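[1] here is my input, please return the structure:
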Amino acid sequence: MTAEPDLPLAVTQLMKGVVYRDTHDRAWRSLLELQPQARDFVDVLGLQVVIDEAEGYAFLRQRPADPENSDPLPRLIPRRPLSFHVSLLLALLRKKLAEFDAQGGDTRLMLAREQITEMVRVFLPATSNEARLTDQIDAYINKAVELGFLRPAKNSEQVYEVRRILKAFVDGQWLAEFEAKLAEYAALLEAGEQE
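    Model prediction:
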C-alpha cells in the first residue's frame, strides 16, 4: 500500500533544502503528485519550485523580482558569494560531470579526494608548502560539501559523489563565462611565473 501524497511533508522538505529522489523518497513522490499545489503554496512566499525529474532533484528558487513592483518581498533564499577557488572547483566538477555523462554508463560520478585535489592543483600557483596547499584544497572541498554539490561516500572519507544538482547552478553559460575568466587567470599566473 502506497502512502497518500503529503503536501506539508513535500513543502517542508523543500524549505529545508534540496529534495533528492534517492534520499527523500516519500517527499519526492508527494512533490511529483502535488506539483501544482506545491507551486501555488510557495508562490505566496515569492519562491518557485524547480524540479528535474530526469536527474532526480527539486529545490526552491527565489522568484525574479518584478521591476514594476515598488515594494518587493524580502529574499528568503540568500545569495551566496563564492570565492574564486570554490567557483573554480565547482566549474571543474561540472566539466567532469559533463564528460562522465557523455561516456554513459553509471549515473553516479564518484571522485577520490586525490582526483579532486589534482584537478584543482593545476590552477593554483606553485608552492613549496605542500601541506598548506592540501589544507586549502580540503577547505574548498568542504565548502562544496556544505553547499550540497559534493557528498562524502558512505564508509569512505576520501571519496565524494558529485551531486547532479550542480547542473542546475553551473549551466553551460556560467561555465563558458567562467572558462573565459579562467583563461585570463591562467595567463596572469603564467606571466607571474616568468618574472
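[2] what does the domain assignment say about this structure?
    7-62, 84-194 (automatic domain parsing).
[3] now for the residue nearest to Glu55 when sequence neighbours are not counted: which residues touch it?
    Excluding the flanking residues, the one nearest Glu55 by C-beta to C-beta, 6 or more residues apart in numbering is Arg164, at 4.3 Å. To be clear about C-beta, it is placed using only N, CA and C from the backbone, and glycine gets the same treatment. Arg164 makes contacts with Asp52, Glu55, Gly56, Tyr57, Leu97, as judged by C-beta atoms under 8 Å, 6 or more residues apart in numbering.
[4] in strands, which of the residues you listed appear?
    Among the contacts of Arg164, DSSP state E puts Asp52, Tyr57 in strands.
[5] how about the lowest-mean-pLDDT helix or strand in the chain: buried residues?
    Within the chain, no helix or strand scores below helix 172-194, which has a mean of 72 by mean pLDDT, DSSP states H and E. Neighbour-count burial for helix 172-194, with 16 or more other C-beta atoms under 10 Å as criterion, is recorded at Leu175, Phe178, Leu182.
[6] helices and strands around that helix, which ones?
    helix 84-103 (3 or more C-beta pairs under 8 Å, 6 or more residues apart in numbering; DSSP states H and E).
[7] the helix it packs on to helix 172-194, inter-axis angle?
    Computed by axes from the mean of the first three to the mean of the last three C-alpha atoms, to 10 degrees, the angle separating helix 84-103 from helix 172-194 equals 120 degrees.
[8] show me how far helix 84-103 is from its chain's centre.
    Put simply, helix 84-103 sits 10 Å off its chain's centre (C-alpha atoms, centre = their mean, to the nearest Å).
[9] likewise for stretch 71-89?
    Stretch 71-89 sits 12 Å away from the centroid of its parent chain (C-alpha atoms, centre = their mean).
[10] swap in stretch 58-66?
    16 Å.
[11] okay, buried residues for that stretch please.
    Result for stretch 58-66 [16+ other C-beta under 10 Å]: buried residues Ala58, Phe59, Leu60, Gln62, Arg63.
[12] list the contacts for the last one?
    I take that to be Arg63. The contact partners of Arg63, taken as C-beta under 8 Å, 6+ apart, are Asp43, Gly46, Leu47, Gln48.
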